[in-house]
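Colleague: Sequence and predicted structure below; questions after.
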Amino acid sequence: MQRLQFYSLAKLGAIALLLPSVVAFTLIYSDRAMASDHNNLDANRPLNFDDAESIGFREQALDLGAALIIPEGKSVGGEFEIEYLYGFAPNTHFNIGIDPSIESDNDETEFNIGDLSIGVLHNFNREYNNTPAFALRGDVAFPTGNDSEGVDFRLRGIASKTVGQSNRLHLNLDANFATATEDEERSFVPGVILGYSRPIGYPKTFTRTFLAEVGVKASEEENDGAVVSLGVGMRQQIGYQSVLDLGIQGDIAGESGDSNELRLVAGYSFAF
């Protein structure tokens, strides 16, 4: 058990040591510097919803995240996220990421490198008058993690609209498809998220954004009811190119009562 814990921690340590080197190399050889916007919202930074804005044309960004998972009646675990974004066309960006995880119980600690995901987000129009900003995001997850099978797809429609002076609502409609399912598991899982964002201190200061969300999605098990999720979070600009995010999320169980989970999320994003 101790040897397995050592190797798991060593892998995480290697990732932590390599990332600064990669980041430093990219910053040195990047020919342009752009500000990372705390008010431009990406999924998992720190909540589940996206806004309808893409990153800037030819802009690059790196998102790093970690979450402490506290499931009801199960062992505590940790999830990590490393995602690179590149604005390869106007109003369009590409993203590639991986989500390592670690689980610990009384018997052993297990490290999982996670699945590799690739996606594209395209913004169709900016918000104007009473018309929301609209975007479409598509992601593909490949089974690179331990015991992963099949390729998973997600299609997300996004609408963002300002209400009042600075309140914004973000509607995300999800269609999740799995190509490898077991008996009594759904191959298609629909979901919807309503997100809310508001800059704190505006118009005097504009360095902090408050976030909240409520989401509903079908359970992955055919016999289970829908799962409702709630979350609140904060994004804080800590430099011209960097943003820190913190959040807390909770899943409210459906009919089976076994989906309760608490997530404490922290992340760091920077553009270059």
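Modeller: Nice, thanks for sending it over.
Colleague: Could you list the buried residues of the helix or strand hosting Thr162?
Modeller: Using DSSP states H and E, Thr162 maps to strand 152-163. Buried residues in strand 152-163, counted by 16 or more other CB atoms under 10 Å: Asp152, Arg154, Arg156, Ile158, Ala159, Ser160, Lys161. Quick note: C-beta positions are derived from backbone N, CA and C, even for glycine.
Colleague: for the residues you listed, which one is nearest Ala43?
Modeller: Arg156 (8.2 Å; CB to CB).
Colleague: you'd agree Pro100 is up against Asn112?
Modeller: Yes. Counting by CB atoms under 8 Å, Asn112 is a contact partner of Pro100 at 6.5 Å.
Colleague: Okay, now the sheet partners of whichever strand or helix holds Tyr86, with direction.
Modeller: Tyr86 belongs to strand 77-89 when elements are defined using DSSP H and E. Neighbouring strands of strand 77-89 in its sheet, by DSSP bridges, are strand 60-71 (antiparallel), strand 92-98 (antiparallel), strand 101-104 (antiparallel).
Colleague: quick revisit: how far is the strand holding Thr162 from where the chain is centred?
Modeller: Between the centre of strand 152-163 and the centre of its host chain there is 13 Å, according to CA atoms, centre = their mean, to the nearest Å.
Colleague: And the contacts of that strand?
Modeller: 50-53, 115, 121, 127, 132-141, 168-179 (CB atoms under 8 Å, 6 or more residues apart in numbering).
Colleague: following that strand, which helix or strand shows up next?
Modeller: Heading C-terminal from strand 152-163 (DSSP H and E), you reach strand 167-178.
Colleague: Parallel or antiparallel, which strands does that following strand pair with?
Modeller: strand 152-163 (antiparallel), strand 188-199 (antiparallel).
Colleague: May I see those organised as TSV, with mean pLDDT and distance to Thr92 added?
Modeller: Listed next are the strands paired with strand 167-178 as TSV, based on pLDDT from 0 to 100; distance: least, CB to CB, whole Å:
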stretch	mean pLDDT	distance to Thr92
strand 152-163	98	13
strand 188-199	97	21
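Colleague: roughly how far apart are the residue nearest the centre of the chain and Asn125?
Modeller: By CA atoms, centre = their mean, the mean C-alpha position of the chain lies nearest to Asn44, the distance being 2.2 Å. Remark: distance between Asn44 and Asn125 (CB to CB, to the nearest Å) = 25 Å.
Colleague: likewise Pro203?
Modeller: Taking CB to CB, one finds Pro203 at 26 Å from Asn125.
Colleague: Between those two, which is the more surrounded one?
Modeller: Asn125 (12 against 8; other CB atoms under 10 Å).
Colleague: That one contacts Ser54, correct?
Modeller: No. Contact criterion CB under 8 Å: Asn125 and Ser54 do not qualify, at 11.7 Å.
Colleague: Now the common contact residues for those two.
Modeller: With CB under 8 Å, 6+ apart as the test, Asn125 and Ser54 reach no residue in common.
Colleague: helix or strand for the residue nearest to Gly231 when sequence neighbours are not counted, which one?
Modeller: Nearest non-adjacent residue to Gly231, counting by CB to CB, 6 or more residues apart in numbering: Gln249, 3.9 Å away. Using DSSP H and E, Gln249 sits in strand 242-252.
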